[in-house]
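Visitor: With the sequence up front, the predicted model follows.
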Amino acid sequence: MRWLDQVRRSAGTLLRRESETARLDEEMRFHLEQEEAERIRRGVSPDEARRSARREFGNPALLRDEVRRGWSWAWMETIARDLRFAVRALMRSPGFTVTAVAVMALCIGATTCLFTIVRAVLLEPLPFRDSDKLVMVYEHFRANTSGSPYNPVATGDFYDWRKQTHGFEDIASFYSWSFNVSGDHGELPEVAQAAQGSWNLFHLLGVEPALGRTFTESEDRLGQAPVAVLTWSFFQRRFGGDRSIIGKQVRLDSKPYTIVGVLPKWFTYPEARTQLWVPYADGKTAEWLDRHDDHRAYAIARLRPDVSLKTAIGEVSALQYRMHMDRPGKPVAEDALARPMIDDVVEDVKTPLEMMMAAVGCMLMIGCLNVSNLLVARGAARQKEMAIRGALGAGRIALLREQMTETIILCAGGGVLGLLLALVGTEWLKGHWHGLPRADSIHVDGMIVLFAAGVVGLTAILAGLLPALSSTQKGILGALKDSSRAAGAGVSRARLRKVLLSAEIALTVVLLIAAGLLLKSFVQLRTTDLGIDGDHVLTMGYGLPVDQYSKPEQRVAFAEALLERMRRIPGVQAAGLGSVVPGAGWGGDQVFIVPERPNYEPGKQPDAAYRVADPKYFDVLKIPLIAGRVFDAHDRLDQSKKVIITKELAKRYYPGENPLGRNIVMGTDVTDKKRTFEIVGIVGDALWRVGEKPKATAYFPAFSGDQERRLTLVVRTSGDPLSFAVAMQKAFAALDPQLPVVDVLTIPQIVGESTVNQSLTASLVLAFAALSLLLAGVGLYGVLSYLVTQRVTEIGIRIALGAQRAQVLGLVLRDGLRPVAMGLVIGVCGGAAVGYVIRSLLYGTRPMDPVVLAAMVATLLLVAAIACAAPAWRASSVDPMQALRTE
């Protein structure tokens, strides 16, 4: 361990440098005094003794340096000296130092914050056993050329895959559901987001429960006693973390379920709001489990170690095609697809995250260019100092090293502050990014600190190397003789600053165009016409328990009583019921047959959004009636088979025809009289999902089927809708105290919730662009101020020879706007490429929208004009006599 002892001694010597140097000087002085005394004893005169002793001893400074090299490593002392000098130099320029550190802190902080999220969400493996072997398996309809090719799985297909294929170790399945949780033991009733999963799901994922156990195979069969597994968050929130909960019961939809386990805290699949799990077959029938045309489940498979994904999915695809051929005329998929499970988890956030990471990377480059420009100006101001130090013996490498040390200190300071900003920013994004997957795994740890350190090193090189090389390349005598009279004074430095500024402007334009496109797209989303009048409308969702409201007459009685109570509330103008509210999501599709055209190619059977509504639903939302009529009081239960279609459905499937009075058959059997409905009305299109095109929709009378268990109450009020929320909730409680209500929202709130992620993405990119624009403006101001300072004498001579103020203004503005123009041209080309890349995120906005382009270019030119104004005015106000006298 000799090297370790040497490091310890070297470090100790550096820390005690002054005291060790004083001791060394004392030793050399003592040695010289002894030598002088010895010579005097020999009879030499004192003056001669002193001279001969010093001559024999040698140069004290050289001896001192030689001894110091023995104390510690030379590079350590060199670094320490450079650091001391750099700190002193930066302290003499507090304005420059604070500005550079602030710019680096913002840029490094934003970069580190985004990387923290990208690493946890996109780069880290899923927290399951051998997650690289997990894949999602989907059904694929070959005729469906629009939309995603990855479709949910029919339950019957899943069971057949599991029994008849061997390329996967195992296949599990689940689908999302919701339950009314009864208010036992004094708790309030609530609606809990749940999932129904096959018994082998947790074993396939490698998830061990924190308490109790998961499902057994026997519990995932028809007719078994109902059991439930709680998520950790639901266990803590609803049951206070009571570990004795295992074996106790919770009432879901008024039915008792035995709690058999609690999942670990980190398990938040398929989404963080999932509260509990029940077996896949719970509450189902044998007929439902064997259906091949009800696509609502998701399948997870684990690859065998010796089987490729292509081979395994090929086997499933072949089986799926056979099942499709065995069921002609049925909506059974012809094919199967698969992709890694991680791709499914991050599908909705991958593109926005990659785009924001690119945006913050641009901002980091702009910050580096800005600091680089500051360093060029600082280097120009210190040029003579560098020349004098070079004349005294400092080599170019030493001068270069000292300037790079200053840059490293600036970037390191920015890195420390940036890491603190990243901590705050990461927590803020976790709290405001709705539905961000794997949010619980996002945190700043040692790897993130190392990443920040790497960014610090990269920014130090990018920001500092060119200015350091520029300020140390000029000859010593030339720098000492440098004056504003010299024709080529500062030309190379000015050229470098203009190049850096052009690059900064180009990157800023790219960011501005991207931000403008996203901002316009978001505004288009928020102002989308949903096809309804959503002002003064309040919505509330509820679900009736199956056991308590098993008969249709009971559900009808509840609905009638509810609507009657709502209409009696002062200020309520109308109240209705429907299965889905526009803007809230699709809510389910069904295929149908037009009896006059019963034959369709495989996979091309018509489909429509399936909705239920009562007669007042259309009045409350003011969905226009185009032809025919809406439902009346007789269109309930099995008294009539009526349907209302939308304009889009009529246009697509009855082109040029009058569909009123004609029939459609829901499903695939044209002879099924029970599912044959007469078209009695045509209404306007409503957008079920913000940003999507109108979808063909069929409305069925409420209480004519089974969907009326979960409905949404829509109420039109005379004033602020939210002020009626308490009265409406009391009306619910008066009818059934154990019935929870959910999604108490206005239509604008529904639209806002559905576009929250687009809002966040646009806001962040806009913030990055605005900061970059500010940096570009500051950079332009600095460059032009520097150029004016360098050309004061020239400007004075021009004015003395008769140049007018307007001519001087034009001269300076041309110098300032020339790099801006070059940057604009390059930036617009880059913005066009970026617009094409992010086109999938845009709504109602072209990738090269001329309005956005013109607005962003005008914004940049305005900032550039403001930045140029002060230096140009100062140049036009130069006193020629004063300028020549100072020269």
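Guide: That came through fine.

Visitor: Can you name the element that comes right after the helix or strand of the chain with the lowest mean pLDDT?
Guide: Here the helix or strand of the chain ranked lowest by mean pLDDT, DSSP states H and E is helix 476-481, holding a mean of 49. Per DSSP states H and E, helix 476-481 leads on to helix 491-526 as the next helix or strand towards the C-terminus.

Visitor: list the buried ones in that next one?
Guide: 493-494, 496-498, 500-522, 524-525 (16 or more other C-beta atoms under 10 Å). Any C-beta I mention is one placed from the backbone N, CA and C, and that applies to glycine too.

Visitor: cool, stretch 720-732 as well?
Guide: Quick answer for stretch 720-732 (16+ other C-beta under 10 Å): 721, 724-725, 728, 731-732.

Visitor: could I have the strand ranked longest in the chain exported to CSV, CA atoms only?
Guide: The longest strand of the chain (DSSP state E) is strand 168-181. Taking Å, rounded to 0.1, in the frame of the first residue of the first chain, the C-alpha atoms of strand 168-181 are listed here in CSV:
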residue,chain,number,x,y,z
PHE,A,168,-44.4,-19.9,-24.7
GLU,A,169,-43.8,-21.1,-21.2
ASP,A,170,-47.2,-19.8,-20.2
ILE,A,171,-49.8,-17.2,-21.3
ALA,A,172,-51.9,-15.2,-18.8
SER,A,173,-54.7,-12.7,-19.4
PHE,A,174,-56.4,-9.8,-17.7
TYR,A,175,-58.9,-7.0,-18.4
SER,A,176,-59.8,-3.8,-16.5
TRP,A,177,-63.1,-3.5,-14.6
SER,A,178,-64.5,-1.5,-11.7
PHE,A,179,-66.5,-2.3,-8.6
ASN,A,180,-68.6,-0.4,-6.1
VAL,A,181,-66.9,-0.8,-2.7
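
Visitor: for it, packing partners?
Guide: Identification of packing neighbours for strand 168-181 by 3 or more C-beta pairs under 8 Å, 6 or more residues apart in numbering; DSSP states H and E yields helix 155-164, strand 190-197, helix 201-205, strand 249-252, strand 276-279, strand 295-303.

Visitor: Recalculate using a threshold of 7 Å.
Guide: helix 155-164, strand 190-197, helix 201-205, strand 249-252, strand 295-303 (3 or more C-beta pairs under 7 Å, 6 or more residues apart in numbering; DSSP states H and E).

Visitor: Quick one: closest of the ones you listed to residue 179.
Guide: strand 249-252 (3.9 Å; C-beta to C-beta).

Visitor: Show the average pLDDT along that closest one.
Guide: In this model, strand 249-252 carries a mean pLDDT of 90.

Visitor: just how off-centre is that strand within its chain?
Guide: Relative to its chain's centre, strand 249-252 lies at 37 Å (C-alpha atoms, centre = their mean, to the nearest Å).

Visitor: which residues are in contact with that strand?
Guide: Residues outside strand 249-252 that contact it (C-beta atoms under 7 Å, 6 or more residues apart in numbering) are 179-182, 184, 228, 256-259.

Visitor: Kindly write the ChimeraX command that selects the buried subset of these.
Guide: A single ChimeraX command selects the buried members of the contacts of strand 249-252 (16+ other C-beta under 10 Å):
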select :179,180,181,182,228,257,259
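
Visitor: Out of the helices and strands packed on strand 168-181, which is closest to residue 535?
Guide: Ranking these by proximity to residue 535 (C-beta to C-beta) places strand 190-197 first, at 26.8 Å.

Visitor: Outside of the closest one itself, list whatever touches it.
Guide: In contact with strand 190-197 (C-beta under 7 Å, 6+ apart) are residues 172, 174-181, 234, 270, 273-280, 282, 543, 740, 742.

Visitor: Can I have the buried ones of these as a PyMOL selection?
Guide: Selection of buried members from the contacts of strand 190-197 for PyMOL, criterion 16+ other C-beta under 10 Å:
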select buried, resi 172+174+175+177+178+179+180+181+234+270+274+275+276+277+278+279+280+282+543+740+742
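
Visitor: what pLDDT does residue 784 get?
Guide: pLDDT for residue 784: 71.

Visitor: Which one of the buried residues of stretch 720-732 is nearest to residue 713?
Guide: residue 728 (7.5 Å).

Visitor: quick one: contacts of the helix or strand encompassing the closest one?
Guide: Element membership of residue 728 [criterion: DSSP H and E] is helix 725-735. Helix 725-735 is contacted from outside by 538, 540, 542, 558, 561-562, 565-566, 569, 715, 739, 741, 744, using C-beta under 7 Å, 6+ apart.

Visitor: Which of those residues sits closest to residue 328?
Guide: Nearest to residue 328 among these, counting by C-beta to C-beta, is residue 542 at 40.7 Å.
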